[in-house]
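J.: Provide a 3D model corresponding to the input given below.
(one chain, ligands or ions: 1)
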Amino acid sequence: MANQTALTTSISDVLVIGAGVVGLACAWSALKEGLTVTIVDRDFDGDRTSHGNAGGIAVTESTPISVPGLFFKATKWLFDPLGPLALDWKHVPSALPWFLEFQRASNPARFKEISVALAALNNRVYDDLIPLFEDVGAMGTFYRRGALTLYETDEAFHADADEWKLKKELGVRWRALNQQEVQECEPALAPVFRHGMFLEDWSHIGDPKQLVSQICTRVKALGARFAEGVVTRLDVTNQEAPFAVLQTGASIAARQIVVATGAWSASLAESVGDRVLLDSERGYNTTLPHPGIALSREVIFAERKFVATPLDIGIRIGGAAEFAGLEAKPNYKRSDALLTLGKRFLPGIQDEGAVQWMGHRPATPDSLPVIGKSPSAKSVIYAFGHGHLGLTQAATTGALVADLLVNRISRTPLDAYSIGRFRK
Ligand SMILES: Cc1cc2nc3c(=O)[nH]c(=O)nc-3n(C[C@H](O)[C@H](O)[C@H](O)COP(=O)(O)OP(=O)(O)OC[C@H]3O[C@@H](n4cnc5c(N)ncnc54)[C@H](O)[C@@H]3O)c2cc1C
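T.: Model (predicted):
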């Protein structure tokens, strides 16, 4: 195009769009293959979902969010203004196809199929994550201490029994704990939990933002070039020389392009000709830098749908699923509501210096990420839509993207994650 100028002088093998944990992991894997890489982000110093998450390596989460029966429970939650689920009614018309697909994901056969596909990613996470952590210097803040899922009532514990059984079949290791064992495991908890599940394969990191910065530093050292700018669309007219068009009118060309723009990825996929159902599932938390109590591991409050993680920077209490799109202002009353619950279940926790945060989980209705080549343009690879598991699956996504970049047959078949599943 006449008014476009090339931003970089020589063409990289790979252009990664998006410097969240997923894009950076893709860049790292590509560099390790000996490819040249340019990374473009609209704001390298700005906040992103990958900075403020709960820090959990949640490899046991191998069932989709849309569990059978959830749709009806969710309808009830909607009437609680500060409950675990919120919907901005103005957002409903545009989100309707997403919600219909979400409901379909809970069909028992589809639920099982999705779970198998999630387990195929989660069961290899440590094979991919540990080499990344070792290389970027993140092993010292990587805590393999398991996690604890908690139940206040027998009813809720028994209601989840089928899901736990399926998880075991999928390779998830868990051990049921009674009330006394829960208390011994985490003495700071209020003594109200009748059941617990100890998840030995779950782990957590010290600070998700620090991890992003460590990967950034390392990919720079490995030779990645960084370009700042908002990508508005991809031009794939020439499949051998695709390019990203920036808001300024400039363009960045590369031999292959990886789209890793998290919750903002749908419009870029559309510019290539691919339809996707992707929404922002907004989550909230509060980090308590001087909590005055201690937890050894992440705890998951099953009935209340929130978690508490003992990060190096304090205890982070968060959760919530709010569907209000990418533009609505945060409603930090949700962080307050989660903190109130946290105070109830972690008596004595101190909130001096508390920091609130909201982030956009890039959510597909079936809880599966989009990983794979574009069916419309062979030089475009997608790596987004990881929902609740973007930190967990980042290194694995990077490894799978690297397989695609160098045309290697992957040890994990990618069909289940293809964007083609959203074709009308
Ligand atoms: C409250 C909460 C708790 C969570 N807890 C966990 C957890 O414990 N474990 C876990 O595994 N996951 C967790 N997640 C999910 C996880 O944080 C996300 O799945 C993950 O961060 C997504 O990473 P990403 O790189 O795809 O996206 P992002 O981190 O959002 O990065 C996308 C990047 O793309 C850039 N970008 C976007 N559009 C453009 C454009 N047009 N041009 C240029 N650049 C662009 C943005 O600036 C950004 O840097 C949590 C999420 C939330 C909200």
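J.: ok, now which ones touch H51?
T.: Contacts were defined as CB atoms under 8 Å, 6 or more residues apart in numbering; by that measure H51 touches P208, K209, V212, G359. Just so you know, the C-beta spots here come from the backbone N, C-alpha and C atoms, and that holds for glycine as well.
J.: bridge partners for the last one, pull those for me.
T.: Note on G359: beta-bridge partners by DSSP bridges are G283.
J.: report pLDDT for it.
T.: On pLDDT, G359 comes in at 98.
J.: okay, strands next: where are they in the stretch 1-150 of the chain?
T.: Listed in chain order, the strands of the stretch 1-150 of the chain (DSSP state E, counting those that start in this stretch) span 12-17, 37-41, 56-57, 85-87, 142-143, 147-151.
J.: describe which strands the second one pairs with in its sheet and in which direction.
T.: Meaning strand 37-41. Counting by DSSP bridges, strand 37-41 is paired with strand 12-17 (parallel), strand 225-228 (parallel).
J.: and the contacts of the shortest one?
T.: Pointing back at strand 225-228 there. Contact with strand 225-228 is made by 7-8, 12, 19, 37-44, 220, 252, as judged by CB under 8 Å, 6+ apart.
J.: also stretch 302-313?
T.: So stretch 302-313 is contacted by 54-56, 84, 141, 149-153, 156-157, 160, 204-207, 210, 287, 289, 294-301, 315-321, 338, 341-342, 345-346 (CB under 8 Å, 6+ apart).
J.: same thing but at 6 Å, please
T.: By CB atoms under 6 Å, 6 or more residues apart in numbering, the residues outside stretch 302-313 that reach it are 54-55, 84, 141, 149, 151-152, 156, 204, 206-207, 295, 298-300, 315-317, 319, 338, 341-342.
J.: restricted to buried residues, select those in PyMOL.
T.: In PyMOL, this line selects whichever of the contacts of stretch 302-313 come out buried by 16 or more other CB atoms under 10 Å:
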select buried, resi 54+55+84+141+149+151+152+204+206+207+295+298+299+300+315+316+317+319+338+341+342
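J.: go back to the contacts of stretch 302-313 and keep what's next to the ligand.
T.: Residues of these in contact with the ligand (CB under 6 Å from any ligand atom): A54, G55.
J.: mean pLDDT added to the strands of the stretch 1-150 of the chain, as CSV?
T.: Output for these, formatted as CSV (pLDDT from 0 to 100):
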stretch, mean pLDDT
strand 12-17, 98
strand 37-41, 98
strand 56-57, 98
strand 85-87, 91
strand 142-143, 98
strand 147-151, 98
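J.: format these as a markdown table; extra columns: distance to Q393.
T.: Below are the strands of the stretch 1-150 of the chain laid out as a markdown table (distance: least, CB to CB, whole Å):
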| stretch | distance to Q393 |
| --- | --- |
| strand 12-17 | 16 |
| strand 37-41 | 19 |
| strand 56-57 | 9 |
| strand 85-87 | 23 |
| strand 142-143 | 16 |
| strand 147-151 | 17 |
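J.: and the closest residue to L129 other than its chain neighbours, what does it touch?
T.: Nearest non-adjacent residue to L129, counting by CB to CB, 6 or more residues apart in numbering: A395, 4.2 Å away. Residues counted as contacts of A395 (CB under 6 Å, 6+ apart) are A25, D128, L129, L132.
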